Structures are given as C-alpha cells and as structure tokens.
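Undergrad: Kindly generate the corresponding structure for this input.
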Amino acid sequence: MFLDCSPVVLAVPVKVCKKCDEVKVLDDFPRDKNRPDGRFPYCKACSCARSRAWATANPEKKAASDKAYREANRDRLLSRQRAYTKENAEQARSRAKAWYWNNRERTAQDRAAKKERIAAARELYRQEHREELARRKAEYDKAYNAANKERRARADRTWRTANKERKAASDKAWREANKERDAANHHEYYLANQDDIKARSKDWYKVNRERIRPRASITTKEWAQRNPERARARTARYRTRKRGLQHDFSVSNWQAALDYFGGRCAVCGRQPGLWHTLAADHWIPLDSPDCPGTVTWNMVPLCHGVDGCNNSKQHRLASEWLIDKFGAKKGRAILKRIEAFLDSRRTAS
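TA: Next up is the predicted model:
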C-alpha cells in the first residue's frame, strides 16, 4: 500500500491587481457589486493611494463630496461614532486632548470666526425682522409689566433715584427729538385726565400762592413787554376760549396781516407812533352771534391809542362803524378792501 505524498493545493481564489500587477487574494480587493467577480480591479492599497492622490489634486471636490456624504448619512455616522467612542473612551479622550494642544491657535481662531458668524447672522435677522421683533418685545413687556407692576415700579424708582442726571438728560434728548409726539402724548393725557389735573393744579396753587404770585406777575409782565405781539395773540385766544369759539390765530398769521397792509392800520393807514400802536381787532366782534372766533379771516390790524380806530370801533359792527366814521362812500370802499383781505385769508386756510 502506497501513500500519496504530492502537495495539497488549496483552492483559494486570487486576482491580479491592474495597478501593481501583483497576485493577491480576493479579500485584498474592495467589494464592487457592479463587477462580474464582485471585486474592484485595484487592490485596497492601490485604491487608497489613488483616492489620496485624487483628493490632493481636487480638494474642493473632495470637501463637497464628503459634505454630501455626511449629510446623506448623518444618523448612521453619528451612531457609529458614538459606539466607537464608547468602546474606546480613553483612546478617544487622549486623542482629542492631544489634538487640542497641538491646534490651540487654530481652535481659538475657529471660535472667534464662529462668534463673528453668529453675531452677523443675528444682526441680519434683526434687520430683516425688525417690526416683528419690536411687536413681540412690546407684547412681552406689556405682559411682564402687567404681571409685575409693583416690582417694575420699585425697580424704576430705584433706578431714577440713583440716576437723576442721566434720567433728566435722557428725557430732554427724547423730547427734543420727538417734539410732535411729546406734545401729542401730553395733549392725550390731559384730555384723559382733565379733571384730575385741574384739581391737582388748584390744590398746588392754594398751597404755594404766596410764593409764586409775585414771581409769576413779574415774569408775565416781563414776557409781555419782550413779546408784545405774542402777548396780544394770547389775550385774543383767551377771550375766544372763554366764549367757546375757534382760536387758531398765531404770531405768523398776525405778521402776514401786517405785511398785507404794509405795517399800517387797515382802516386809516396810520403807522405805529408815540401815542398809538397796532392791535389785532376782531372784525366781527366777539359779542356778535356771527363771530367765527380768533381766526385768520376775522383778525385785522387797527390803530389803538389816541383817536385809534380800535378804540372807536369797540364792539360795533364794522359796516355801521365805518359809515358813521367815514361816510357812506368812503366807508363802503374801506369795507370792500378789508373784506377782500379776509376772503383771501379764508381761502388760503
């Protein structure tokens, strides 16, 4: 009986790499389901070298490809990374620590760049949604103030007490920048709290009457002497308000009337002199039921003083007074001229 001692040949599948021309087992080749044998033509070593060379030559394409892959396989990559980190915690921690110490400057720069990107994104968002953010903040402030009235009032008092000068300067700057809005707010508040304001003012005046009366009278007289035209306009408005009539005659309206008549009396043509001045006369007297009030189309400059037209006219109707003073013909001519001026003012307003 003879034994067969010929060498045993194991049937291990092999393949020749088309890059390095070496014969290698199939496990040394990457899988490729599109190939007949299910393996890529290049071995793993040659494939890796080829991929590295391509990535070095095409960094932008490589970055885009990696980003697309990460976005498409985000959950799978995260789960795999967590599993690896859990299994190799010490190794992962030491590697991260070593990378940080080797790249401290780069890490600081990345954080600064990220901080700038976040700030720019927030500013852009605020600019694009300014109205929406303002509305939401107003709603939040309103709800917070309603729920914390005492706390908010206490905090405001504390701040104002500690920052009196700053508060005064801030309020002054705001009023100067928002004059119309400030006036509207004051007027609205006055209309809503008229009785309360009058009562407080009356009580304050009673308590401080002796202290303010001398100073108030001197101040009013000085102001009237320095501003005679404004004082006359204020007096006319006061008389009109007492009768419940319209009162919107201003200093500029008075100046326009003076310019129209050349700075003279509208009736006799006299200029202001030593013994007389010009007064704003209600052409239709305030006592008349037809008086429209202290308005631009009812105010005429008349001389006031010795033999003044304003003194002579008093509360009489203009048509009757002119005829009695100048006669029918001249009186009607003057009346026609003045009524033409008043009609022009009524049309302009």
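Undergrad: tell me the phi and psi of Thr294?
TA: Here is the backbone geometry of Thr294 (degrees, to the nearest 10): phi -90, psi 80.
Undergrad: what's around it, how many residues?
TA: 26 (other CB atoms under 10 Å). All C-beta atoms are positioned from the backbone trio N, CA, C, and that covers glycine.
Undergrad: for the one 5 residues further on, same thing?
TA: Using other CB under 10 Å, Met299 has 22 other residues around it.
Undergrad: And Arg270, by the same measure?
TA: Neighbours of Arg270 under the rule other CB under 10 Å: 16.
Undergrad: what about it, which SS state?
TA: coil (DSSP: H, G, I helix; E, B strand; the rest coil).
Undergrad: Same question for the one 10 residues further on.
TA: In terms of secondary structure, Ala280 is strand; the call rests on three-state DSSP.
Undergrad: Correct me if wrong: it contacts Thr296.
TA: No: look at Ala280 against Thr296 with CB atoms under 8 Å: they stay out of range, at 10.6 Å.
Undergrad: what's the offset of stretch 338-349 from the middle of its chain?
TA: 42 Å (CA atoms, centre = their mean, to the nearest Å).
Undergrad: Show me the contact partners of that stretch.
TA: 253, 256-257, 260-261, 266-267, 283, 295-298, 300, 318 (CB atoms under 8 Å, 6 or more residues apart in numbering).
Undergrad: Buried subset of those, written for PyMOL?
TA: A single PyMOL command is used to select the members of these judged buried by 16 or more other CB atoms under 10 Å:
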select buried, resi 253+257+261+266+267+283+295+296+297+298+300+318
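Undergrad: Need the contacts of stretch 338-349 in TSV (columns: secondary structure and pLDDT).
TA: Supplementary listing: those in TSV, determined by DSSP: H, G, I helix; E, B strand; the rest coil; pLDDT from 0 to 100:
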residue	secondary structure	pLDDT
Asn253	helix	87
Ala256	helix	89
Ala257	helix	90
Tyr260	helix	92
Phe261	coil	92
Ala266	coil	92
Val267	coil	92
Trp283	coil	91
Val295	coil	87
Thr296	helix	87
Trp297	helix	88
Asn298	helix	89
Val300	strand	92
Ala318	helix	89
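Undergrad: Which one of the contacts of stretch 338-349 is nearest to Asp324?
TA: Nearest to Asp324 among those: Ala318, at 10.9 Å, using CB to CB.
Undergrad: What residue, apart from its backbone neighbours, is nearest that closest one spatially?
TA: Leaving aside its chain neighbours, Ala318 sits nearest to Trp283 (5.4 Å; criterion: CB to CB, 6 or more residues apart in numbering).
Undergrad: Reformat the contacts of stretch 338-349 as JSON lines; add distance to Arg157.
TA: As requested, the contacts of stretch 338-349 are exported to JSON lines (distance: CB to CB, whole Å):
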{"residue": "Asn253", "distance to Arg157": "45"}
{"residue": "Ala256", "distance to Arg157": "49"}
{"residue": "Ala257", "distance to Arg157": "51"}
{"residue": "Tyr260", "distance to Arg157": "55"}
{"residue": "Phe261", "distance to Arg157": "57"}
{"residue": "Ala266", "distance to Arg157": "58"}
{"residue": "Val267", "distance to Arg157": "61"}
{"residue": "Trp283", "distance to Arg157": "55"}
{"residue": "Val295", "distance to Arg157": "46"}
{"residue": "Thr296", "distance to Arg157": "48"}
{"residue": "Trp297", "distance to Arg157": "51"}
{"residue": "Asn298", "distance to Arg157": "50"}
{"residue": "Val300", "distance to Arg157": "54"}
{"residue": "Ala318", "distance to Arg157": "60"}
